[in-house]
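In: Sequence unavailable; structure follows:
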């Protein structure tokens, strides 16, 4: 079945560091790809999407480029802030059998130290 | 404003008891989903629905039932709650395949089974 594999566990950075969270997917079709962010006590919030090869999605300084060749959608930010501390989820949306069924990764916890 | 509202926000249940979690959306979305969140497992799909009066099994449906009496409402039912069902549950809605819509999440329900 469809699956998403992202950087496991926790990523700890200092303010102004460069962030990369890896996301690779496995899907039979041509899925849409998403990034979400979740703050403590809240539901996941949609960050941005990409729907075709080489398309770049971006929001709030975060960005990722859809790469069908390497089946990847890595999240990057040039300079993180303490307020970026949260859990980040990579997800894919596909339609096996015609029904829209989003699949999420296990999440990556980002901790940014001042 | 688009919204997904879950109730209750938290619940303590006894083992073997019946639990019903409710979700209401005002987005006119066809698709609704129930996800379970556990540390180390991320978001896993339990049940989903793409039309009223019909539900589909997700990736981890065992021990759960779902009900979609109207487009706006989607319930998750634990007929015989077990300790292993202690988790945070999220409801989400989506327009589905149109424009590769990303799911919109509610705030979550924290369920503790004792």
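Out: Great, that's in hand. Everything numeric in this text was worked out from a predicted model, so none of it was measured.

In: could you pull out the strands for chain B?
Out: All strands of chain B, identified by DSSP state E, fall at B:4-7, B:10-13, B:19-25, B:31-38, B:42-51, B:54-57, B:65-67, B:73-78, B:87-94, B:104-105, B:109-113.

In: Now mean neighbour count too, for those, in TSV please.
Out: In short, each C-beta sits where N, CA and C put it, glycine included. Formatted as TSV, the strands of chain B follow (neighbours: other CB atoms under 10 Å in any protein chain shown):
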stretch	mean neighbour count
strand B:4-7	18
strand B:10-13	14
strand B:19-25	20
strand B:31-38	24
strand B:42-51	21
strand B:54-57	15
strand B:65-67	17
strand B:73-78	20
strand B:87-94	24
strand B:104-105	22
strand B:109-113	18
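
In: now those in a markdown table, with distance to chain A?
Out: Shown next, in a markdown table, are the strands of chain B (distance: least, CB to the nearest CB, whole Å):
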| stretch | distance to chain A |
| --- | --- |
| strand B:4-7 | 8 |
| strand B:10-13 | 11 |
| strand B:19-25 | 11 |
| strand B:31-38 | 6 |
| strand B:42-51 | 4 |
| strand B:54-57 | 6 |
| strand B:65-67 | 14 |
| strand B:73-78 | 15 |
| strand B:87-94 | 6 |
| strand B:104-105 | 4 |
| strand B:109-113 | 9 |
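
In: so can I have TSV of those showing distance to residue A:63 and mean pLDDT?
Out: Converted to TSV, these look like this (distance: least, CB to CB, whole Å; pLDDT from 0 to 100):
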stretch	distance to residue A:63	mean pLDDT
strand B:4-7	27	97
strand B:10-13	36	97
strand B:19-25	29	98
strand B:31-38	26	95
strand B:42-51	22	94
strand B:54-57	34	94
strand B:65-67	36	98
strand B:73-78	33	98
strand B:87-94	23	96
strand B:104-105	22	95
strand B:109-113	33	97
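
In: right, so of those strands, which gets closest to residue A:18?
Out: Among the strands of chain B, strand B:42-51 comes nearest to residue A:18, with 24.3 Å by CB to CB.

In: per-residue confidence at residue A:107?
Out: Here, the pLDDT recorded for residue A:107 equals 95.

In: low pLDDT regions in chain A?
Out: A:95-99 (pLDDT under 70).

In: Pairing partners for the longest strand out of those in it, with directions?
Out: Longest strand in chain A by number of residues (criterion: DSSP E): strand A:86-94. Sheet pairing here is set by DSSP bridges, and for strand A:86-94 it gives strand A:32-38 (antiparallel), strand A:101-104 (antiparallel), strand A:108-113 (antiparallel).

In: How about residues contacting the second one?
Out: Taking CB atoms under 8 Å, 6 or more residues apart in numbering or on different chains as the criterion, the residues outside strand A:101-104 that touch it are A:1-4, A:34, A:36, A:89-95, B:33, B:35, B:42-45, B:48, B:58-59, B:92, B:94, B:102-103.

In: Name all residues that make contact with residue 19.
Out: No chain in the question, so chain A it is. A:11, A:13, A:75, A:76, A:77, A:80, A:84, A:110.

In: try again with chain B
Out: Counting by CB under 8 Å, 6+ apart, residue B:19 touches B:11, B:13, B:77, B:78, B:81, B:85, B:111, B:113.

In: I'd like to know which of those is nearest to residue A:17.
Out: Using CB to CB, residue B:111 comes nearest to residue A:17 of these, at 36.6 Å.
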